[in-house]
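Engineer: just a sequence and a predicted model for now, questions to come.
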Amino acid sequence: MNVAIIPARGGSQRIPRKNIKLFLGKPIIAYTISAAQASGCFDRIIVSTDDPEITAIATYYGAEVPFVRPAEISDDYASTMDVMTHALDYLSGKDVAPTFVCCVYATAPFLRSDDIRRGFDMIHATDVEFVFSATSFAFPIQRAIALTQDNRVSMFDDTHAMTRSQDLPEAYHDAGQFYWGKPQAFMAKKAIFAAHSKALVLPRKRVQDIDTLEDWEFAEALYSVIHA
């Protein structure tokens, strides 16, 4: 049995009601639920939330909400691992023992069902604890600069001040979409970004972090172009 768990609390600091805010006319969580359904990977798709409105929307689009997430793991300080272990504890109490679990973020409209399947194939066929989506940085991180309040400049690492960009190794970052894992790895709260994990690399044009309203507007514009 494979289970998808979608963390979706009601509160959000920077974008109010972020997990159910309309993204091009549809609650953003609906895109995640739809991609999980279309992947064909999951026996159950569960949304972990503390919010009645999110519950109603999630169930309308076909996900389960079999429990109410406790307040102590629904604030700004709760981690994804806290949410995952709570959900897995719930399933264990119902005598449900998933073979693989996938944490899928609610605000991932660029998530594709075939990427979920490719991630599952990777974790199923290899000896790793986690598989997650990632993409490359557009600019060499070794050449990053910091600015003071009056815009004076310093390099984070001046070791590569004179190194040509093409001579620097490419760096990658989490795409913020999905995290396949073995249940015992989630329960042990093992680090995801470690040697026991593999990354499914996605093109940068299909990855957009959404933390601010400016991010949101850009994501809607990008999505519209991709799906034109």
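Structural biologist: Here it is on my side, so go on.

Engineer: I'd like the next helix or strand past the strand ranked longest in the chain.
Structural biologist: With DSSP state E applied, the strand covering the greatest number of residues in the chain is identified as strand 172-181. Helices and strands here follow DSSP states H and E; after strand 172-181, the next one along the chain is helix 183-187.

Engineer: okay, buried residues for the following helix or strand past that following helix please.
Structural biologist: Counting by DSSP H and E, the next helix or strand C-terminal to helix 183-187 is strand 197-201. Neighbour counts over strand 197-201 (16 or more other C-beta atoms under 10 Å) mark 197-200 as buried. For every residue, glycine as well, the C-beta is placed using N, CA and C.

Engineer: what does stretch 57-64 give?
Structural biologist: In terms of neighbour count (16+ other C-beta under 10 Å), stretch 57-64 has its buried residues at 57-58, 61, 63.

Engineer: ok, and what's touching it?
Structural biologist: In this structure, residues lying in contact with stretch 57-64 by C-beta atoms under 8 Å, 6 or more residues apart in numbering are 6, 8, 20, 27, 29-30, 33-34, 36-37, 44-47, 49, 65.

Engineer: what about the helices in the chain?
Structural biologist: Assignment of helices within the chain using DSSP state H yields the ranges 28-39, 52-60, 80-93, 113-125, 183-187, 213-226.

Engineer: which other helices and strands contact the fifth one?
Structural biologist: Packing contacts for helix 183-187, counted by 3 or more C-beta pairs under 8 Å, 6 or more residues apart in numbering; DSSP states H and E, involve helix 80-93, strand 100-104.

Engineer: likewise for the third one?
Structural biologist: Secondary structure elements in contact with helix 80-93, counted by 3+ C-beta pairs under 8 Å, 6+ apart, are strand 2-7, strand 44-48, strand 100-104, helix 183-187.

Engineer: so which of the ones you listed is nearest Ile226?
Structural biologist: Set against Ile226 and scored by C-beta to C-beta, the helices and strands packed on helix 80-93 come closest in strand 100-104, at 19.5 Å.

Engineer: packing partners of that closest one?
Structural biologist: Secondary elements touching strand 100-104 (3+ C-beta pairs under 8 Å, 6+ apart): strand 2-7, helix 28-39, helix 80-93, helix 113-125, strand 172-181, helix 183-187.

Engineer: quick one: residues in contact with stretch 170-179.
Structural biologist: 80, 102-105, 107-108, 110-111, 115-116, 119, 130-137, 140-142, 192-193, 199, 201-202, 207, 209.

Engineer: please compute how far it lies from its chain's middle.
Structural biologist: With C-alpha atoms, centre = their mean, to the nearest Å as the basis, stretch 170-179 stands 9 Å off its chain's centre.

Engineer: residue contacts, Gly10?
Structural biologist: When contacts are counted by C-beta under 8 Å, 6+ apart, Gly10 touches 17, 19, 49-51, 53-54, 74.

Engineer: against Val131, how distant is it?
Structural biologist: When distances are taken as C-beta to C-beta, to the nearest Å, Gly10 and Val131 turn out to be 29 Å apart.
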